[in-house]
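Asker: Quick one: sequence and predicted model below, then my questions.
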Amino acid sequence: MGFIDTIKERAKADKKTIILPESMDKRTFDAAEKILKEGIANLIIIGTPEEIAANSEGYDITGATIVDPFNDPNKQKYIDKFVELRGAKGVTPEIAKETMEKDYMYYACLMCKCGDADGAVSGACHSTGNTIRPALQLLKTKPGISSVSGFFLMEVPDCEFGENGLFVFADCAVNPELDSEKLAEVAMLSSESFEAFTGAKSKVAMLSFSSYGSAKHDRVTLVADAVKIAKEKYPQITVDGELQLDAALVPEVAALKAPESPVAGKANTLVFPSLEAGNIGYKLVQRLAKAGAYGPVLQGLSMPVNDLSRGCFADDIVGVVAMTAVQAQNK
Ligand code: ACO
């Protein structure tokens, strides 16, 4: 059974309620039909009767709950919650109402915040920034976490590295620039994500263009400092670095460059030093190695909300909904 089939089975075992706010996109309904038919999650779709009628034609979405953002008996509760959370930032009841009606992701996050759903998935027709900003503003981070980051669960075919070809790559989606403290936090969250999704022990490599001080540069120091912080602050995780990618993955290279390392040569969780490196790195592996790239999945949020690629297919939405449901189970 492939990775995503395992996740779907886990989602089915304890069904969660996930919101799909993109009723303006036909792929939402294609995915919804599949999710409902397979019993992966209970679904709430946000949309007006016109949007639903225009885009759901030909798809059986019997069983989904439809919430019309212009005519919802619970709407005042969500407006009040929005003002409670963002009043200090200038959000009045009028602004709250208008924002929720214009941007259904705000509506979805408020439903999650009020306990009416367990998570949300969006991004088939919205940018990453527009998808995750409402979640950052309304749901906020888990207690004790300073930054939300985004990982991909990579499934590389015929691969002897990682956990039989399974890896977590982070941060590939959210933070353009991270300091050492935040990079260390990404290492801890990524370790937790790897273990939650694969059930295997995570071994985190903090990547750079240097292994164990082989090069001197501020960019190397940033990662080396993050390793120190991660080891001190999160003793429960197995983390090491700074390591070059080959030293992290390939036992023969690890034996030369970092022979004493508990991670080198066996890393399955790769923390990249910047968003450029992470985003380019996952796309290289996805395209050149024809790897499955599931995500970006957000880690560190108080409730699971996840993004989609705008080039996604309905099956990708199904996969991300299953992962979101599993995150909700683990919450
Ligand atoms: N973790 C937690 N909270 C955050 C984070 C974070 N990483 N970033 C911003 N916030 C909070 C801020 O503190 C702020 O909270 P407040 O309003 O209560 O004070 C709120 O979110 C909004 O922050 P801004 O800085 O105003 O938001 P911004 O408009 O800069 O958006 C965002 C933040 C969306 C994460 C931005 O950094 C971004 O666009 N990142 C890049 C996303 C991207 O394009 N990724 C690549 C594509 S993904 C792919 O290829 C799969």
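Answerer: Noted; the coordinates are in hand. Numbers count the residues shown, from 1 in each chain.
Asker: tell me the contacts of V305?
Answerer: With contacts taken as Cβ atoms under 8 Å, 6 or more residues apart in numbering, V305 has the following neighbours: 108-109, 112, 119-122, 131-132, 135, 139, 298, 324. Backbone N, C-alpha and C define where each C-beta goes, glycine included.
Asker: Now stretch 93-112 - C-alpha only, CSV.
Answerer: As requested, the backbone C-alpha atoms of stretch 93-112 are provided in CSV (Å, rounded to 0.1, in the frame of the first residue of the first chain):
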residue,chain,number,x,y,z
PRO,A,93,-18.5,43.8,12.7
GLU,A,94,-18.9,45.4,9.2
ILE,A,95,-15.4,44.5,8.2
ALA,A,96,-15.7,41.0,9.5
LYS,A,97,-18.9,40.4,7.6
GLU,A,98,-17.5,41.8,4.4
THR,A,99,-14.2,39.9,4.7
MET,A,100,-16.0,36.6,5.3
GLU,A,101,-18.3,37.1,2.4
LYS,A,102,-15.5,38.1,0.0
ASP,A,103,-12.9,35.4,1.2
TYR,A,104,-14.4,32.1,2.2
MET,A,105,-11.1,31.0,3.7
TYR,A,106,-11.8,33.5,6.6
TYR,A,107,-15.3,31.9,6.9
ALA,A,108,-13.7,28.4,7.0
CYS,A,109,-11.1,29.4,9.7
LEU,A,110,-13.8,30.9,11.9
MET,A,111,-15.9,27.8,11.6
CYS,A,112,-12.8,25.8,12.7
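Asker: all helices of this protein, in order?
Answerer: Applying DSSP state H to the chain gives helices spanning 3-13, 26-38, 49-56, 75-86, 93-102, 104-113, 128-138, 180-198, 218-233, 245-249, 251-257, 275-288, 314-330.
Asker: Could you point out which of those sits nearest the ligand?
Answerer: Between the ligand and these, the shortest gap by Cβ to the nearest ligand atom is with helix 128-138, which sits at 3.3 Å.
Asker: got the contact list for that closest one?
Answerer: Counting by Cβ under 8 Å, 6+ apart, the neighbours of helix 128-138 from elsewhere in the structure are 82, 85-86, 89, 103, 105-106, 108-110, 113, 120, 122-123, 148, 150, 173-174, 296, 298, 301, 303, 305, 307-308.
Asker: And stretch 214-234, by the same measure?
Answerer: With Cβ under 8 Å, 6+ apart as the contact definition, stretch 214-234 has outside contacts at 179-181, 183-184, 187-188, 191, 204, 206-210, 213, 237, 239-242, 244, 257, 271, 273.
Asker: before we move on, back to that, go through the helices of the chain and pick out the most buried.
Answerer: Using mean count of other Cβ atoms under 10 Å, the stretch among these with the greatest mean number of neighbours is helix 104-113 (a mean of 26).
Asker: Show me what it is packed against.
Answerer: Using 3 or more Cβ pairs under 8 Å, 6 or more residues apart in numbering; DSSP states H and E as the contact definition, the elements that helix 104-113 packs against are strand 17-20, strand 42-46, helix 75-86, helix 93-102, strand 119-122, helix 128-138, strand 305-307.
Asker: which residues are in contact with that helix?
Answerer: Residues outside helix 104-113 that contact it (Cβ under 8 Å, 6+ apart) are 19, 21-23, 44, 46-47, 67, 69, 74, 78, 81-82, 85, 99-101, 117-120, 122, 126, 130-131, 134-135, 137-139, 303, 305.
Asker: what does the stretch 101-250 of the chain have sitting close to the ligand?
Answerer: Within the stretch 101-250 of the chain, the residues that sit near the ligand (Cβ under 6 Å from any ligand atom) are 128-129, 132-133, 136-137, 141, 147-148, 173-176.
Asker: where does the stretch 201-331 of the chain have low pLDDT?
Answerer: By pLDDT under 70, the stretch 201-331 of the chain has no low-scoring segment.
Asker: let's see 90
Answerer: Counting by pLDDT under 90, the stretch 201-331 of the chain contains low-confidence ranges at 295, 309-313, 330-331.
Asker: In it, which residue sits nearest the ligand?
Answerer: Shortest the stretch 201-331 of the chain-to-the ligand distance, computed as Cβ to the nearest ligand atom: residue-wise this is P296, at 4.7 Å.
Asker: Number of residues surrounding that residue?
Answerer: The tally of other residues near P296 (other Cβ atoms under 10 Å) stands at 29.
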